[in-house]
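Colleague: Got a predicted model here, sequence first, then my questions.
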Amino acid sequence: MRNCFFLLCLIMVTGCASIQNVPKRNIVMVNGRGELVDPGPNLFGRYCKMRPLKSIGDEEARQAYYRNVIKQFRSNIASQKARGEKKLRVMVFIHGGLNTQVKTVERAELIYRHMAQDEEHDFFAPIFINWQSSLASTYWDHLAHIRQGKDWSGGCSGAVSYTLVPLYLVSDVVKAVGRAPIVWCMQLANVRHILNRWEKQMRPARSRYKNMPEEYKYEIRQGDKKATTLHIVENMVSTLAFLPVRLVLTPFVDALGSSAWDNMNRGTNISLDNDKDFETNRFEAASGPVAEFIDLLAKEIDNVNDELEVTLVGHSMGAIIINNLIRRYGYELPVSNIVYMAAACSVRDYQDTIFPYMEKKPGVQMYHLVLHDLSEINERLWMQPDVIPRGSLLLWIDNFLAKPSTRLDRTAGRYVNLITADHLTPTNLLKDIHIKQFDYGRHLASEQPQKHGDFGRFTFWREAFWKPKGDPRRYHLIEED
C-alpha cells in the first residue's frame, strides 16, 4: 500500500509543470461545473496536470477575484493613456476545445508575455476567458456526471450516476460497432478526397467567388496551394499505409468523440449560466463566472470617459462563446472587431447572431480567419502516425462529432462552408465582413497557420494577422519555451 502511495505521488509530481508569472489578473477561468477557478498552482507551488485547479465557490471570494481583474483592467487602460495611444483598446480572447486547464494557463502566460514585449502593435488590454474543454474531462463528465443536461455529481444523485458509468461506456462501444459501416464510408470518402487533393470539392467554392457580382463581394484573400511534390506524395503514401488501422479505430473515435463533443458544447454555455441558476428559489442574475465578470466589465467600461474599443477574438469553440456573449452583452459593450479564428460555431449560429448585431451596430468589423482546404483535410491531430482519422477538428465536427441537418449547420470556420452560404449575407454588411484564407504548404508552418491549433501560436493580436491584405511581415510565430 505504501509503495502504491509513493508511486502515485511520483506520477503526480512528474506530471507537474512550473509556470512563472501567470497573469492571474487577466484571466477569468471556468471549470466543467461552471464554477470560477483560481488559475494559480494546484500542488506545492506547481501545476499538476492530473489534478483539477481549485475552484472559488465562496461569493465574497469570487467578487474579490473579479475586482482584482477589473483593477488590472484599469491599470492597462491607464498604461495606454500614458503611452499616448489614440485608441484605448481591450481584447477578450477565448480559446477553443481540446485544452486542459493547465494548457490554457500556459497559453495565457505565453500570449500575455509576448503581447507585453511586442513594441510594434497597437496595445490592447488583454482579458483571457479560459474554460475546461479537454477530451478526457468532457468524456468523463459524459460517463459519470451529466445526465440529460443535468449535473448529477454529489449526494445521492452522484452515487446513482456512478452506477450508470458501465452502462454509458457499453452504450458507446455498441454505438461504435453499430455505426462502423457509416463511419467507414465517410473515412473512405475522405481518403478519396486526399488522394484527389480535394480539387473537385475546392473548385466550386473558389469559382463561386470569382463569379459573384462586384456588389456582392467581400474583402477576401484566397489561399494558394504551395505544397511540395514530396509533401503530397508522403501524404498519399501515409494515408494508404495506415488505412486498415484507421478503419478499426475510427468508429471508436466517432462514438466516444461525439459524446465528449456534446459536453464541450455544454461547457460553452455553463460559463454564462451554470446549473445553480436553475436550482435556486430566488430570482437572481446569472451566476456563471463569465456572466458575472462581463456584467462588471460593462459597468467599468461605462465609467471610462474616453472612447474605448473592444475586440472579441475566439478560436475554434471560443467563437461559440463569443456568439453567446454578443447575444447577451453585445449592446452593452463597445465592440469594434469580432475575429473568428477557425470558428467551430455553425454557419447558422454565425449568421443568426452576427448579422442582426451588425445591422443594429453599424461599423462593427467581422473577420474570418480560415485554413486552406487542403490543410483541413490533411491535418493529423496530436502528431500521431496517421492511425486516427485525418482532418482538422472542424472536419471531425462536420463529419462525425456533430450531426448537422443542413449545410448551414456545418462549421463556419471552414472556407467551403462559409463561402457557399454567402448569398444569405445582407448586401449592406458586405463591406464590413472580411475573409482571410491562409496558404497550404508544410514549409510555411513558421509563416502561416497550417493546423487548426496554430492560430494562437502566432501574434494574432496584430491587425495585420486578421486583415486579408495585412502585411505578412507584420506578424510571426510565437517562440514557445
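Modeller: Good, I have the coordinates. Every value quoted in this text rests on a predicted model; they were computed, and no experiment measured them.

Colleague: Let me see the mean pLDDT of the biggest helix by length in the chain.
Modeller: Looking across the chain with DSSP state H, the single longest helix is helix 165-195. Averaged across helix 165-195, pLDDT comes to 88.

Colleague: For that helix, buried residues please.
Modeller: By neighbour count with 16 or more other Cβ atoms under 10 Å, helix 165-195 contains the buried residues 168-169, 172, 175-176, 179-180, 183, 186-187, 190-191, 193-194. In short, each C-beta sits where N, CA and C put it, glycine included.

Colleague: Same question for stretch 220-236.
Modeller: The neighbour-count check on stretch 220-236 (16+ other Cβ under 10 Å) flags Ile220, Arg221, Gln222, Gly223, Lys225, Ala227, Ile232, Asn235 as buried.

Colleague: Phe93 versus Pro126, what's the distance?
Modeller: Pro126 is 7 Å from Phe93, where distance means Cβ to Cβ, to the nearest Å.

Colleague: same thing with Lys87?
Modeller: Taking Cβ to Cβ, one finds Lys87 at 18 Å from Phe93.

Colleague: Can you classify the most centrally placed residue in the chain as helix, strand or coil?
Modeller: Residue closest to the average C-alpha location in the chain (Cα atoms, centre = their mean): Gly96, at 1.7 Å. Following DSSP: H, G, I helix; E, B strand; the rest coil, the label given to Gly96 is coil.

Colleague: contacting residues for Phe228?
Modeller: I think there's a mix-up here, since residue 228 is Thr and not Phe. Gly441, Arg442, His443 (Cβ atoms under 8 Å, 6 or more residues apart in numbering).

Colleague: Let me fix that, I meant to ask about Trp184.
Modeller: So, once contact is read as Cβ under 8 Å, 6+ apart, Trp184 ends up touching Leu247, Thr250, Pro251.

Colleague: Just name the closest of these to Val290, please.
Modeller: Comparing the contacts of Trp184 against Val290 with Cβ to Cβ places Thr250 closest, at 34.8 Å.

Colleague: what about this protein, any weak spots by pLDDT?
Modeller: For the chain, applying pLDDT under 70 flags the ranges 1-15, 120-123, 194-204, 281-286, 305, 382-384, 480-481.

Colleague: How about Phe242: what's its closest non-neighbour residue?
Modeller: Leaving aside its sequence neighbours, Phe242 sits nearest to Asp386 (Cβ to Cβ, 6 or more residues apart in numbering; 4.2 Å).

Colleague: again, but for His368
Modeller: Ile435 (4.6 Å).

Colleague: any idea how far the one helix or strand that neighbour maps to is from the chain center?
Modeller: Using DSSP states H and E, Ile435 sits in strand 433-437. When distances are taken as Cα atoms, centre = their mean, to the nearest Å, strand 433-437 is centred 18 Å away from the chain's centroid.

Colleague: Please apply the same query to stretch 309-326.
Modeller: 9 Å.

Colleague: same deal with stretch 210-217?
Modeller: The chain centre lies 31 Å from the centre of stretch 210-217; the measure is Cα atoms, centre = their mean.

Colleague: Need the distance between the two termini of it.
Modeller: 9 Å (Cα to Cα, to the nearest Å).

Colleague: one step back: roughly how far does the residue nearest to the centre of the chain sit from His114?
Modeller: Using Cβ to Cβ, Gly96 is found at 19 Å from His114.

Colleague: cool, and Leu374?
Modeller: From Leu374 to His114 the distance is 29 Å (Cβ to Cβ).

Colleague: which one of the two has more residues nearby?
Modeller: Set Leu374 next to His114 and count neighbours by other Cβ atoms under 10 Å: Leu374 wins out with 24 against 16.

Colleague: Wait, the more buried one touches His231, no?
Modeller: No - here Leu374 lies out of contact with His231, judged by Cβ atoms under 8 Å, at a distance of 10.0 Å.

Colleague: Can you check which residues contact both of Pro126 and Phe93?
Modeller: Joint contacts of Pro126 and Phe93 (Cβ under 8 Å, 6+ apart) are Ile111.

Colleague: of the two, who's got more company?
Modeller: Phe93 (27 against 24).

Colleague: does that one sit in a helix, a strand or a coil?
Modeller: Assignment for Phe93 (three-state DSSP): strand.

Colleague: check contacts around it.
Modeller: Phe93 touches Ile111, Pro126, Ile127, Phe128, Ile129, Val313, Gly314, His315, Gly318, counting by Cβ under 8 Å, 6+ apart.

Colleague: what about the closest residue to Gln450 other than its chain neighbours, how many neighbours?
Modeller: Counting by Cβ to Cβ, 6+ apart, Ser375 is the residue found nearest to Gln450 once chain neighbours are left out, at 5.3 Å. Neighbours of Ser375 under the rule other Cβ under 10 Å: 29.

Colleague: mind checking how far Ser375 is from Gly441?
Modeller: For Ser375, the distance to Gly441 - Cβ to Cβ - is 9 Å.
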